[in-house]
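Peer 1: Fold the following for me, if possible:
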Amino acid sequence: MNRSTPDAARPEAARRRIWALAWPIILSNITVPLLGLVDTAVVGHLPDSRYLAAVTLGATLFSFLYWGFGFLRMGTTGLTSQAVGRENDGEVRNLLGQSLLLAAGIGALLILLSRPLIALGLWLLDGSEVATALAAEYAQIRILSAPAVLANYAILGWFLGQQNSRVTLAILVLTNGVNIVLDLVFVVGLGMTSDGVAWATVIADYTALAFGLWLVSRQLKLLEGRFLRERLLRLSAYAELFSVNANLFVRTMGLLFAMAFFTSRGAVQGDTVLAANAVLLQFIMLTSYALDGFAHAAEAITGRAVGRRRWDEFGQAVRSAAGFSLLTAGAASLAFALGGEWLIALLTGLPEVRATAGDYLPWMVAMPLIAVWSYLLDGVFIGATAIREMRNSIFAGLAAYLPAWWLLQAMLPPALENHGLWLAFLLFAVVRSAVLGAYYRHHRRHRWCPDAASPTS
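Peer 2: Down below sits the predicted model:
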């Protein structure tokens, strides 16, 4: 492993390192909506709209399912970066082995339980009978790639923990590139429908896994130590990984619930409000592509600093990532304030949806400046493996969000109900950011400081 890293405690060196790690992640994030656009364009030109509806339902189901297991990426990053900081190559190696075995086990279990899981998920999504039947066929094919998808999460987290984010870019560009080409071959060339899109995704996922494992084999040659049977096969050896990942899973489920609740409460106000909220949520996703890049960079650098017990380096990494994140959030808010109406028009041609989304645009101007802190501090806490604090911030956010929504719906007239929903959602972000900020200040005084007794949480 290359130990000759610059002194990251110096501001200019920290900023360079944050940017070097962030830009490949930001670029790789951009490929995700590109794939969605191609999927939509390919299936959307088929003669029957039910195929597009089926792919939309199936893709939504897997977005939620796989997002729930994103802990395999985050937990692996935090623990690996700390092992790198301790210069413990054997630990870095065995964390990869544990994460891959865990991914394979969960993936196999998802395939085994696929029929009831898919039936439940599609029932909750509540599509038409014809679209749901086609979506079930699509999902039964796509679930076959679960082990590959989860293993890729572990591989990406492992490389990011070693401050190598270009692997993320390479793997995601390959995945989405293969997927796009196979979409065209199967659907346009061979005349397949939604099943062709599903098979394209499965093949792309396993292609990415093969490429990722090849990159892993090259990296392992640079690491000292060896895989230890007792670390890989003894259940008690997974205690730390299980603890970190369990709390990350609960945290992610809380986020998913908050998003799903927002969507469902918008839906009961009618299709126009639902569509307008969906358009504005795309603004949040757009902002997250950049903010995630800086948060992930913070994960890798702060984790390494925790492992080395270099608290000056830790603090400088947080300050540098915060600078980039605030600039990005400020630029996003300014763009939404000045060009929000134009952006809405790009996403929808329906006059009533445009007008309704414009009514709620001020909430989107405020959101990046509030949510930026939760993005950044999530990255810091993942790097330091202080996952219970992240989990608790979600609980606190929900404890404010749900009562606030209930109270506002009771107080406001029907015409302002969606404003109340947005206010409650913004409050969720405010409380999350405030709780994480309070935890950060406390830990910097008592845990992440030179006088701390332990480098971990």
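Peer 1: pLDDT weak spots in the stretch 251-400 of the chain?
Peer 2: Within the stretch 251-400 of the chain, not a single segment meets pLDDT under 70.
Peer 1: can you give me the helices in it?
Peer 2: Ranges of helices within the stretch 251-400 of the chain are 271-308, 311-347, 351-359, 361-383, 387-411, based on DSSP state H, counting those that start in this stretch.
Peer 1: need these in TSV with mean neighbour count, can you?
Peer 2: To be clear about C-beta, it is placed using only N, CA and C from the backbone, and glycine gets the same treatment. Shown next, in TSV, are the helices of the stretch 251-400 of the chain (neighbours: other CB atoms under 10 Å):
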stretch	mean neighbour count
helix 271-308	23
helix 311-347	19
helix 351-359	17
helix 361-383	23
helix 387-411	18
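Peer 1: Ok, which of those comes nearest residue 253?
Peer 2: Among the helices of the stretch 251-400 of the chain, helix 387-411 comes nearest to residue 253, with 8.6 Å by CB to CB.
Peer 1: Next secondary structure element downstream of the closest one?
Peer 2: Counting by DSSP states H and E, the element after helix 387-411 in chain order, helix or strand, is helix 417-446.
Peer 1: by contact count, what packs against that following helix?
Peer 2: Contact here means 3 or more CB pairs under 8 Å, 6 or more residues apart in numbering; DSSP states H and E; on that basis helix 417-446 packs against helix 239-267, helix 271-308, helix 361-383, helix 387-411.
Peer 1: make it 7 Å
Peer 2: helix 239-267, helix 361-383, helix 387-411 (3 or more CB pairs under 7 Å, 6 or more residues apart in numbering; DSSP states H and E).
Peer 1: For residue 21, which non-adjacent residue is closest in space?
Peer 2: By the measure of CB to CB, 6 or more residues apart in numbering, the closest residue to residue 21 outside its immediate chain neighbours is residue 297, 3.7 Å from it.
Peer 1: brain fart, residue 295
Peer 2: Nearest one to residue 295, counting by CB to CB, 6+ apart, is residue 379 at 3.2 Å.
Peer 1: Which residues are in contact with that neighbour?
Peer 2: 295-296, 298-299, 321 (CB atoms under 7 Å, 6 or more residues apart in numbering).
Peer 1: let's go with 10 Å and repeat that
Peer 2: Residues near residue 379 by CB atoms under 10 Å, 6 or more residues apart in numbering: 74, 77-78, 291-303, 317-318, 321, 325.
Peer 1: and what of residue 184?
Peer 2: 38, 41-42, 190, 196, 200.
Peer 1: Could you rerun that using 8 Å?
Peer 2: The contact partners of residue 184, by CB atoms under 8 Å, 6 or more residues apart in numbering, come to residue 42.
Peer 1: Now it: phi and psi?
Peer 2: Residue 184 adopts backbone torsions of phi -70, psi -40, taken as degrees, to the nearest 10.
Peer 1: Count the neighbours of residue 235 for me.
Peer 2: 7 (other CB atoms under 10 Å).
Peer 1: That should have said residue 32, apologies.
Peer 2: 13.
Peer 1: any idea of the pLDDT on it?
Peer 2: Listed pLDDT for residue 32 reads 71.
Peer 1: got it, and residue 173?
Peer 2: Per-residue pLDDT puts residue 173 at 89.
Peer 1: From residue 25, how far off is it?
Peer 2: 12 Å (CB to CB, to the nearest Å).
Peer 1: same check, this time on residue 451
Peer 2: From residue 451 to residue 25 the distance is 34 Å (CB to CB).
Peer 1: more neighbours, those two?
Peer 2: Between residue 451 and residue 25, residue 25 has the larger neighbour count (other CB under 10 Å), namely 23 against 8.
Peer 1: Within the helices and strands, which one has the more buried one?
Peer 2: Counting by DSSP H and E, residue 25 is part of helix 11-44.
Peer 1: measure residue 398 to residue 307 for me?
Peer 2: Taking CB to CB, one finds residue 398 at 32 Å from residue 307.
Peer 1: swap in residue 46?
Peer 2: 52 Å.
Peer 1: hang on, the earlier thing: compare the helices of the stretch 251-400 of the chain and give me the one nearest residue 261.
Peer 2: Here helix 387-411 is closest among the helices of the stretch 251-400 of the chain (CB to CB), at 7.5 Å.
Peer 1: residues in contact with that closest one?
Peer 2: 75, 78, 243-244, 247-248, 250-251, 254-255, 257-258, 261, 265, 374, 378, 381-382, 417, 420-421, 423-425, 427-432, 435-436, 439, 443, 457.
Peer 1: Mind listing what's buried along stretch 230-244?
Peer 2: Along stretch 230-244, these residues count as buried under the neighbour rule (16 or more other CB atoms under 10 Å): 231, 237-238, 241, 244.
Peer 1: any chance of the helices and strands packed on helix 417-446 in a markdown table, plus distance to residue 204?
Peer 2: Shown next, in a markdown table, are the helices and strands packed on helix 417-446 (distance: least, CB to CB, whole Å):
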| stretch | distance to residue 204 |
| --- | --- |
| helix 239-267 | 24 |
| helix 361-383 | 27 |
| helix 387-411 | 31 |
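Peer 1: Of all these, which one is nearest residue 85?
Peer 2: Nearest to residue 85, of all these, is helix 361-383, at 9.7 Å by CB to CB.
Peer 1: what are the C-alpha coordinates of that closest one, in CSV please?
Peer 2: The C-alpha coordinates for helix 361-383 follow below in CSV (Å, rounded to 0.1, in the frame of the first residue of the first chain):
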residue,chain,number,x,y,z
LEU,A,361,-40.1,26.0,-5.6
PRO,A,362,-39.1,28.2,-2.6
TRP,A,363,-38.8,25.0,-0.5
MET,A,364,-36.2,23.7,-2.9
VAL,A,365,-34.2,26.9,-2.6
ALA,A,366,-33.9,26.4,1.1
MET,A,367,-33.4,22.6,1.1
PRO,A,368,-29.8,22.4,-0.1
LEU,A,369,-28.5,24.9,2.5
ILE,A,370,-30.2,22.9,5.3
ALA,A,371,-29.5,19.3,4.0
VAL,A,372,-25.9,20.0,3.2
TRP,A,373,-24.9,19.4,6.8
SER,A,374,-26.5,16.0,7.0
TYR,A,375,-24.8,14.9,3.8
LEU,A,376,-21.4,16.1,5.0
LEU,A,377,-21.7,14.8,8.6
ASP,A,378,-23.0,11.4,7.4
GLY,A,379,-19.7,11.1,5.6
VAL,A,380,-17.7,12.1,8.6
PHE,A,381,-19.6,9.7,10.9
ILE,A,382,-19.3,6.8,8.5
GLY,A,383,-15.5,7.4,8.3
